[in-house]
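Visitor: build me a structure from this.
(one chain, ligands or ions: 2)
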Amino acid sequence: MRAPHTASSAPLLRLAGLRKRYPLGQHRIEALRGVDLEIREGEILALTGPSGSGKSSLLHIAGLIDADYQGQLEWQGRPLSGMGMHALTQLRRDALGFIFQGFNLVPVMSVADNVDFPLLLQGLTKAERAARVASMLADVGLEQHAAKRPDALSGGQRQRVAIARALVKQPRLIIADEPTASLDSHTATQVLQLLRERAKAQGAAVLMATHDARALLFCDRVLQLEDGRLQDARLADYTLNPTPSEAAA
Ligand code: ADP
Ligand code: MG
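Guide: Ligands and ions are numbered 1, 2, ... in the order given. Modelled structure (predicted):
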């Protein structure tokens, strides 16, 4: 079992001097140009910035999906560079959850099986898994839909399945890339509310890239990327202004 949720100020993931380049013919695109960021236990962070500013690149590195970068990452004070392949795989499998814009559910599996999927590698008994899946589906209000296929659900319901799938293994950090981009505004607000509520209930931190001004109301801290560089911004700056781009103008 993981350690109980501690004070919200403890550092969970630290990124220091992070740089990311993509090759482009003879040239290279500098997607991240020296990003320093500390994600603390249990905090909900919004990552804003125009398209192409490096949000997804940052999420892929923070989510340990992309290991091709320069700079340092520390997980709970331990440098990732000192961890072996096995420890990294375990960290990714047990401590991280992902939510994507396009839901990324498996269409041929039921809602329950989609949520069960991340638990398959965790060595739980079938009964333990079934109990966890059922309680997770109840938490996101989908207990009536457990046996359905994802394509029988609305967009908002599908994103709730994705939230359940990300949270079911009780990760320490949820990485969410534009999780409301495919949703209408009413549904988006409900999904954000649910994500915040469930993440707080489990003590999971959330790093969420978003264009959605409403999303900022559900976050504890707002960060802004511009041309691969991070600028700390206060939530208050945004709540007074409808969108980050207007705030920056
Ligand atoms: P955002 O998510 O904020 O839109 P990205 O991280 O996707 O930003 O992209 C940042 C920059 O890196 C952009 O200029 C983008 O074109 C470039 N980029 C992203 N992924 C790749 C890739 N796989 N190959 C080449 N360039 C990429
Ligand atoms: Mg992106």
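Visitor: please report phi then psi for the most centrally placed residue in the chain.
Guide: Using CA atoms, centre = their mean, the residue of the chain that lies closest to the mean C-alpha position is residue 175, 1.5 Å off. Torsion angles at residue 175 (phi, psi; degrees, to the nearest 10) stand at phi -100, psi 120.
Visitor: so what pLDDT did it get?
Guide: Looking at residue 175, its pLDDT is 97.
Visitor: again, but for residue 8
Guide: Looking at residue 8, the pLDDT reads 50.
Visitor: strands of the chain, start to end?
Guide: With DSSP state E as the criterion, the chain has strands at 11-24, 27-40, 44-48, 70-75, 78-79, 96-100, 173-177, 205-209, 221-226, 229-233.
Visitor: between strand 205-209 and the first one, find me the angle.
Guide: With axes from the mean of the first three to the mean of the last three CA atoms, to 10 degrees applied, the angle from strand 11-24 to strand 205-209 works out at 30 degrees.
Visitor: before we move on, what about the second one?
Guide: Interaxial angle, strand 27-40 versus strand 205-209 (the same axes, to 10 degrees): 150 degrees.
Visitor: which ones are touching the spatially closest residue to residue 18 that is not a sequence neighbour?
Guide: Excluding its sequence neighbours, the residue lying closest to residue 18 (CB to CB, 6 or more residues apart in numbering) is residue 71, at 3.7 Å. The C-beta positions use only the backbone N, C-alpha and C, and glycine is treated the same way. Contacts for residue 71 were tallied using CB atoms under 8 Å, 6 or more residues apart in numbering; they are 15-19, 34-35.
Visitor: related to what we said a few turns ago, possible to save the strands of the chain as JSON lines with distance to residue 199?
Guide: Below are those laid out as JSON lines (distance: least, CB to CB, whole Å):
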{"stretch": "strand 11-24", "distance to residue 199": "13"}
{"stretch": "strand 27-40", "distance to residue 199": "12"}
{"stretch": "strand 44-48", "distance to residue 199": "6"}
{"stretch": "strand 70-75", "distance to residue 199": "18"}
{"stretch": "strand 78-79", "distance to residue 199": "23"}
{"stretch": "strand 96-100", "distance to residue 199": "9"}
{"stretch": "strand 173-177", "distance to residue 199": "6"}
{"stretch": "strand 205-209", "distance to residue 199": "5"}
{"stretch": "strand 221-226", "distance to residue 199": "14"}
{"stretch": "strand 229-233", "distance to residue 199": "21"}
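Visitor: dump the ones you listed to JSON lines, plus distance to ligand 2.
Guide: Converted to JSON lines, those look like this (distance: least, CB to the ion, whole Å):
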{"stretch": "strand 11-24", "distance to ligand 2": "13"}
{"stretch": "strand 27-40", "distance to ligand 2": "10"}
{"stretch": "strand 44-48", "distance to ligand 2": "10"}
{"stretch": "strand 70-75", "distance to ligand 2": "19"}
{"stretch": "strand 78-79", "distance to ligand 2": "27"}
{"stretch": "strand 96-100", "distance to ligand 2": "10"}
{"stretch": "strand 173-177", "distance to ligand 2": "6"}
{"stretch": "strand 205-209", "distance to ligand 2": "6"}
{"stretch": "strand 221-226", "distance to ligand 2": "10"}
{"stretch": "strand 229-233", "distance to ligand 2": "15"}
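Visitor: okay then, goodbye and thanks.
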